[in-house]
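>>> I would like the atomic coordinates for the input below:
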Amino acid sequence: MKSIILAAGYATRMYPLTLDTPKPLLPVRGKAILDWTLEDLLPLTQECTVVTNALFAPRFTAWAEKYEGKIRVLNDGTDSNGERRGAVGDLLFAVQSLRIREDVFVMGADNLLDFSLEGFFSFAKEKQASCVMYGREPDREKRKKTGIITIDRDGKITDFAEKPDEPASDLAVPPFYYYRAEDIARLPEAVSGGCGTDTPGSFAAWVSRESVVYAWKMTGKRFAVGDAEAYRAVQETFQGRIPG
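Residues are numbered from 1 along each chain as shown. From the prediction side, this is the model:
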């Protein structure tokens, strides 16, 4: 399994914090947001690539030096928010640039988890299928701003809508996805067929309609750093990864 971390956004909603510093490298409890994830992820993956943009590529490259070659930084060639490829567009760029043919784990870089990814990967291995995570979202307005799924009793996704006007459930999908090799190979087909390229869940939703995708219930909390207010809240509430 290879890993792709999507970090090519410009985080304009967080100016001035992110004028010179990419959001995933902002500090939380003494570590960069992304360092928390990599501490857990690197022992579980064969290869890890961070996809960023031309503006922030030098910052990510300097940051990655401490990982002594374990992190590849891939520049998507854009240098402004108006030129951005979008999350799925960057995923396609990475898959084609790196000629990925294996299973791949994909995640958004501006998220923190207080639990290990190991359980999710074990679930995907057991199911032998592409998989997503989910947690319950009680706030209806927040459900309209994320991926929402319905599942059967075995955890198989029966419906997946990205940012729905009328959410069909309270099962929200954060940007953490495990794609089987045969499904990630269909990414060009999905994009050419009209799959949205802006939000990362658009491809997962497409795959769920074309193949079998299972959903794993998160064993802890996910903390999203969407804007300056959320960043302040994360700094106050995130306590690190819970053992076990």
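
>>> which stretches of the chain have low pLDDT?
Counting by pLDDT under 70, the chain shows low-confidence ranges at 244.

>>> and the strands in it, which stretches?
Along the chain, the stretches classed as strands by DSSP state E are 2-6, 27-28, 31-32, 47-52, 71-75, 104-108, 111-113, 130-136, 147-151, 157-162, 171-173, 176-179, 213-217, 222-224.

>>> looking at those strands, which is nearest to residue 194?
Taking CB to CB as the criterion, residue 194 comes closest to strand 157-162 out of those, the separation being 13.1 Å. For every residue, glycine as well, the C-beta is placed using N, CA and C.

>>> name the residues that touch that closest one?
In this structure, residues lying in contact with strand 157-162 by CB atoms under 8 Å, 6 or more residues apart in numbering are 132, 146-152, 167-168, 173, 196, 199, 201-202, 204-205, 208-209, 213-215.

>>> would you show me how to pick out the buried ones of those residues in PyMOL?
When burial is assessed using 16 or more other CB atoms under 10 Å, the buried subset of the contacts of strand 157-162 is captured in PyMOL by this command:
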select buried, resi 132+146+147+148+149+151+167+173+196+199+201+202+204+205+208+213+214+215
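
>>> ok, the residue most central in space within the chain to residue 83 distance?
Centroid-nearest residue in the chain: residue 107, 2.0 Å away (criterion: CA atoms, centre = their mean). In this structure, residue 107 lies at 23 Å from residue 83, with CB to CB, to the nearest Å as the measure.

>>> just checking, the residue nearest to the centre of the chain touches residue 177?
Yes: the pair residue 107 and residue 177 passes the contact test of CB atoms under 8 Å, sitting 7.2 Å apart.

>>> about what we covered before: burial count for the closest residue to the residue nearest to the centre of the chain other than its chain neighbours?
Taking CB to CB, 6 or more residues apart in numbering as the measure, residue 107 lies nearest to residue 176, with 4.8 Å between them; neighbours along the chain are not counted. The number of residues packed around residue 176, counting by other CB atoms under 10 Å, is 23.

>>> same question, residue 145
16.

>>> list the contacts of it.
residue 163.

>>> do the same with residue 148
If you count contacts by CB under 8 Å, 6+ apart, residue 148 has them with 137, 160, 161, 164, 167, 168, 169, 170, 171, 172, 173.

>>> would TSV of those residues with distance to residue 76 be doable?
Converted to TSV, these look like this (distance: CB to CB, whole Å):
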residue	distance to residue 76
137	30
160	26
161	27
164	28
167	31
168	33
169	34
170	34
171	31
172	27
173	24
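
>>> narrow those residues to just the buried residues.
137, 160, 161, 164, 167, 169, 171, 172, 173.

>>> the first one contacts residue 173, doesn't it?
The one in question is residue 137. No: applying CB under 8 Å as the test, residue 137 and residue 173 come out as separate, 9.5 Å apart.
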